[in-house]
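Peer 1: Just to be clear, the model below is a prediction. Sequence and coordinates:
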Amino acid sequence: MDLLTVVVIYCFAVGGFFMGLWLFYGRREYSLFEQARRKTTFLCARCNKLYAAAGSPETCVCPRCGHENARLKF
Ligand SMILES: [Zn+2]
């Protein structure tokens, strides 16, 4: 093996490593973004606390007073 081959292989290895990292973090950030986007906002009818729940449930119990609130419609 000559030096050029070693350098080319090294470049591909490093490039592939960073490409893998980029894909990994890109996907992770995308799924975090998706989770944040799928949050549903609730406004408590009893104590006026604004809170969010993951996913899109129709009702969610208020973390402050325990009152069950319906989803806010925008
Ligand atoms: Zn409440």
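Peer 2: That came through, no problem. Residues are numbered from 1 along each chain as shown.

Peer 1: thought Tyr51 was touching Cys62?
Peer 2: Yes. The pair Tyr51 / Cys62 is scored as a contact, 6.7 Å apart, by CB atoms under 8 Å. C-beta here means a position set from N, CA and C on the backbone, and glycine is covered the same way.

Peer 1: The two - which one has more neighbours?
Peer 2: In this view Tyr51 and Cys62 are compared by other CB atoms under 10 Å, and Cys62 has more residues nearby, 19 against 16.

Peer 1: rewinding a little: need the overlap of contacts for Tyr51 and Cys62.
Peer 2: Phe42, Cys44 (CB atoms under 8 Å, 6 or more residues apart in numbering).

Peer 1: How far does the helix or strand encompassing Trp22 sit from its chain's centre?
Peer 2: Trp22 is part of helix 3-37, with elements assigned from DSSP states H and E. Helix 3-37 sits 19 Å away from the centroid of its parent chain (CA atoms, centre = their mean, to the nearest Å).

Peer 1: How about whichever helix or strand comes after that helix and the ion, any contact?
Peer 2: From helix 3-37 onward toward the C-terminus, using DSSP H and E, the following helix or strand is strand 40-43. No. With CB under 5 Å from the ion as the measure, strand 40-43 is seen stopping short of the ion, the closest distance being 9.0 Å.
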